[in-house]
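Chemist: What follows is a predicted protein model with its sequence.
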Amino acid sequence: MSALPSPLPLVPAIARRFDGLDLDERDRLLLLAVAVCLDDALDPLIEFDGRSAVEIAGGPVGERLTLHAGRVRFVDARLAIWVRATTCAAGTAGVHTRLSVIFDRCGDQVGADWHRARASLEGSPETAPELTRIARRLVTAGHADRALVLAREAAEHATGPERDEARLIAGSSSLSAGLMADAAAWLGSLYPRGVERCRLEALGGLFVAQAFTSGVVPHADLRTMRPRTGERDDWRSWARAAAFAAFLCAERGERREMRAWLDALRDAAMPAGAERELRDPIVALSWLILGERDIEQVAGRGPLTGGMLEALQAGMDGDIDRGLQLLAEDDTAVAPETDPLVPGYERSPVVRAYRAVVEVLLLVWRGDIGLARARLVHAALAFPVALPFAGLGVVLARRLDLAVLGELGPFARALTTSLPVGVRIDVLVDRAIRSFLAGEFDDAACTIRLWVDLGSPQTAIAVPGLDELALLAGDRPDPVVQIEPPEMARAERLRTRIATADDRQWRSEREEVDEAARTLHSPFARARVESMLGTRHAIRDDHVAARIHFQYAERLFELSGATAWARAIRNRLDRLDAREGSVVPAADPLSVCRRAWSFSLTARELEVAMRAVNGAGNRDIAGALHLSVRTVEVHLGRVFTKLDVRSRVELTVLAHHTARHL
């Protein structure tokens, strides 16, 4: 997460591409001027060259440039790299000097200072203040990349306090652009000897950059960094640093550390109104991310502590459409409200990445799986979506790829590699989903059992996983406090009832569960419930009901855009039809039963059960497995209880029914 070098190096492929290119001196200088200019305006370049646009376009150099509507660009951008690399430093400085005069004459102070600074081989301190001022304005307007170019140049020429100011803006620009390694380096350079105002203003950004780079929130004692004066701006900067740290700890589930930072925020010596404006939304947002439902509704301002907080609250309350509407209203606003947490950075790529991830999350909660994936791919092309909420965007990208493609696609794989080292995502659930959708139930069951053994790690913000297998295996994950809409929790409770009800309960509750499933509005959530209903009926030999529920599930998965899940259900329907119509038994008719029971039984219980189904007596089983007869009896008793049968005969009948109908 660092900016590319400027200028880009001349690699062998580019050198070979332009090997033998013959340019006269005038054309070479024009191409160099195009390459080093801050923007693509044509008028300064015409004045630099002395020819008209028609003459340039009609000459040999015109083949290398595109001139249109007062703009000029390289036909092949690699030529800019070649021409800069093959020109000596003195020649490049001469072009910058000429351009600085032209921009000065045109009244473009930024362009003049930029080229004057680039032309200087010994340093040009007088150019730094204007470059820094414009860079601050650009980063506030959301043009982080260009702001970074100017601030970086200013930092190379500035001296004394002006150098600290330039470094601050370079770090802020890097942070806004999502270049966290650069941001940490620039902002960290202000410690310990930087001007106090710059250090305090940089502190919050430094926490963010270090957390996004390493994956963990840096440990620091804010009390030792308190402002030594009563300046309100300094206290605001200090308070924002505490707010950032609290928010970052909440993202990573660090409850105790979050509380400590919130306590520090309360100690900020700020005007009462300003304190509440920042503190209250941050407190609400931090606790909300940790899954705390009983929080006071807070009306914040701006895209993060306002729109994003309200959208998450609406989604958690079940009004997902309202949450999406709030995000859309903020995005279409001509001038977004000032956010007390990120004043001046409301349009930055990092802030927009947070909002994009929240929008995708709400779409997933609503069951629009295909649309959510398309939105996330689009956002990943423009924003650093791997950063928000400790990698939640990566978790969503992986789950959405699996739901739609059945495997991880290039975007999900690329986002995974961009995660900071300290951020950990649970790949076991992803592998289990891939195996489950591919029909590899043994591998899926084994992976889910391992996931449960490891404590069933989950994100604090609920993302669809594969609780079906954990429920069938009897190893229900420990309950985790998560942000989730009421319907998502209701669907999970229905799946639990389906998986855990014995025959007597099932006969009395089946119609109630069917009716409750119809009230689910999310097509994806309902499809998963219908799939489990189909499985339950198929195992109990109710072919007609099983087929109906599987058909519902297939169509609902298709409606949600989860095409891989739809294909998996279609495969189950095909197997159900093939087994019903087949007159030739499979080579190993009980292999399917073995896979199905592996979800409910331990490995030893499964082995005992399958040998009993094949007719072996207790003494024979004990001898084959090197167990005592009493141990075999205990295992069989547990098998009977888990599978809700009372004898070997019922166990054998259930085994053959399961083999035929799965």
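Modeler: Received the coordinates, thanks. Computed from a predicted structure; not experimentally measured.

Chemist: For this structure, name the helix or strand with the lowest mean pLDDT.
Modeler: In the chain, the helix or strand scored least confidently by mean pLDDT, DSSP states H and E is helix 467-472, which has a mean of 68.

Chemist: which helices and strands does whatever helix or strand comes next after that one pack with?
Modeler: Next along the chain after helix 467-472, taking DSSP states H and E as the criterion, comes helix 486-500. Applying 3 or more CB pairs under 8 Å, 6 or more residues apart in numbering; DSSP states H and E, one finds that helix 486-500 contacts helix 467-472, helix 503-518, helix 523-539. Placement of C-beta: from N, CA and C, glycine included.

Chemist: What are the buried residues along helix 486-500?
Modeler: Within helix 486-500, the residues scored as buried using 16 or more other CB atoms under 10 Å are Glu487, Met488, Arg490, Ala491, Glu492, Leu494, Arg495, Thr496, Arg497, Ile498, Ala499.

Chemist: got these as JSON lines, with distance to Ala185 and pLDDT columns?
Modeler: Output for the buried residues of helix 486-500, formatted as JSON lines (distance: CB to CB, whole Å; pLDDT from 0 to 100):
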{"residue": "Glu487", "distance to Ala185": "45", "pLDDT": "93"}
{"residue": "Met488", "distance to Ala185": "41", "pLDDT": "92"}
{"residue": "Arg490", "distance to Ala185": "48", "pLDDT": "92"}
{"residue": "Ala491", "distance to Ala185": "46", "pLDDT": "92"}
{"residue": "Glu492", "distance to Ala185": "45", "pLDDT": "89"}
{"residue": "Leu494", "distance to Ala185": "51", "pLDDT": "90"}
{"residue": "Arg495", "distance to Ala185": "48", "pLDDT": "88"}
{"residue": "Thr496", "distance to Ala185": "50", "pLDDT": "84"}
{"residue": "Arg497", "distance to Ala185": "54", "pLDDT": "85"}
{"residue": "Ile498", "distance to Ala185": "54", "pLDDT": "85"}
{"residue": "Ala499", "distance to Ala185": "52", "pLDDT": "81"}
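
Chemist: I'd like those as a markdown table, with distance to Leu400 appended.
Modeler: Converted to a markdown table, the buried residues of helix 486-500 look like this (distance: CB to CB, whole Å):
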| residue | distance to Leu400 |
| --- | --- |
| Glu487 | 19 |
| Met488 | 16 |
| Arg490 | 22 |
| Ala491 | 18 |
| Glu492 | 19 |
| Leu494 | 23 |
| Arg495 | 20 |
| Thr496 | 24 |
| Arg497 | 27 |
| Ile498 | 25 |
| Ala499 | 25 |
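
Chemist: Now flag whichever of the residues you listed is closest to Ala147.
Modeler: Distance to Ala147, by CB to CB, is smallest for Met488 among the buried residues of helix 486-500, at 40.8 Å.

Chemist: And the helices in the stretch 1-150 of the chain?
Modeler: Per DSSP state H, counting those that start in this stretch, the stretch 1-150 of the chain carries helices over the ranges 12-17, 25-36, 43-49, 53-58, 78-85, 89-106, 109-119, 128-140, 144-157.

Chemist: right, so of those helices, which gets closest to Lys642?
Modeler: Shortest distance between Lys642 and these, using CB to CB, is found for helix 144-157: 58.2 Å.

Chemist: Now the element after that closest one, going C-ward?
Modeler: Note on helix 144-157: by DSSP H and E, the next helix or strand toward the C-terminus is helix 161-177.

Chemist: Going C-terminal from that next one, what's the next secondary structure element?
Modeler: Using DSSP H and E, the helix or strand that follows helix 161-177 towards the C-terminus is helix 180-188.

Chemist: That following helix vs helix 144-157, what angle?
Modeler: Angle, helix 180-188 to helix 144-157, by axes from the mean of the first three to the mean of the last three CA atoms, to 10 degrees: 40 degrees.

Chemist: any idea of the angle helix 180-188 forms with helix 161-177?
Modeler: Interaxial angle, helix 180-188 versus helix 161-177 (the same axes, to 10 degrees): 150 degrees.

Chemist: what mean pLDDT would you report for helix 180-188?
Modeler: Mean per-residue pLDDT for helix 180-188: 92.

Chemist: Could you shift the numbering so residue one becomes 605, and keep it that way?
Modeler: All set: I'll call the first residue 605, so the last point we hit is now helix 784-792.

Chemist: That helix packs against which elements?
Modeler: In terms of contacts (3+ CB pairs under 8 Å, 6+ apart), helix 784-792 is packed against helix 765-781, helix 800-818.

Chemist: which residues does the residue lying closest to Leu945 once chain neighbours are set aside contact?
Modeler: In space, Leu945 comes closest to Thr909 once its chain neighbours are excluded; the distance is 5.1 Å by CB to CB, 6 or more residues apart in numbering. Residues counted as contacts of Thr909 (CB atoms under 8 Å, 6 or more residues apart in numbering) are Leu882, Pro885, Ile886, Leu889, Asp943, Pro944, Leu945.

Chemist: what does Leu1009 give?
Modeler: The contact partners of Leu1009, by CB under 8 Å, 6+ apart, come to Thr1167, Ala1168.

Chemist: Tell me which of the helices of the stretch 605-754 of the chain sits nearest to Ser1060.
Modeler: Set against Ser1060 and scored by CB to CB, the helices of the stretch 605-754 of the chain come closest in helix 748-761, at 39.2 Å.

Chemist: so that closest one versus helix 713-723, what angle?
Modeler: Using the same axes, to 10 degrees: helix 748-761 against helix 713-723 is 50 degrees.

Chemist: and helix 748-761, how far from the chain's centre?
Modeler: Averaging C-alpha coordinates over helix 748-761 and over its chain gives two centres that are 29 Å apart (CA atoms, centre = their mean, to the nearest Å).

Chemist: If you count neighbours, what's buried in that helix?
Modeler: By neighbour count on 16+ other CB under 10 Å, the buried set for helix 748-761 is 748, 750-761.

Chemist: and the most centrally placed residue in the chain, what is it in contact with?
Modeler: By CA atoms, centre = their mean, the mean C-alpha position of the chain lies nearest to Gly997, the distance being 1.2 Å. Shown in contact with Gly997 (CB under 8 Å, 6+ apart): Ala957, Ala960, Val961, Val964, Leu980, Ala984, Val989, Ala990, Leu991, Leu1019.

Chemist: now with 6 Å?
Modeler: By CB atoms under 6 Å, 6 or more residues apart in numbering, the residues touching Gly997 are Val961, Val989, Ala990.

Chemist: ok, how many other residues are close to the last one?
Modeler: It refers to Ala990. Ala990: 24 surrounding residues under other CB atoms under 10 Å.

Chemist: Which two among the buried residues of helix 748-761 are spaced furthest apart?
Modeler: Ala748 and His761 (20.8 Å).

Chemist: which residues touch Asp712?
Modeler: Asp712 touches nothing, counting by CB under 6 Å, 6+ apart.

Chemist: and what of the one 4 residues further on?
Modeler: Taking CB under 6 Å, 6+ apart as the definition of contact, the neighbours of Ala716 are Ser704, Phe707, Asp708.

Chemist: The last one and Ala716, how far apart?
Modeler: Look at Asp708 and Ala716: by CB to CB, to the nearest Å, they are 4 Å apart.

Chemist: Over to Asp1146?
Modeler: From Asp1146 across to Ala716, the span is 82 Å (CB to CB).

Chemist: cool, Glu1158 as well?
Modeler: Glu1158 sits 66 Å away from Ala716, going by CB to CB.
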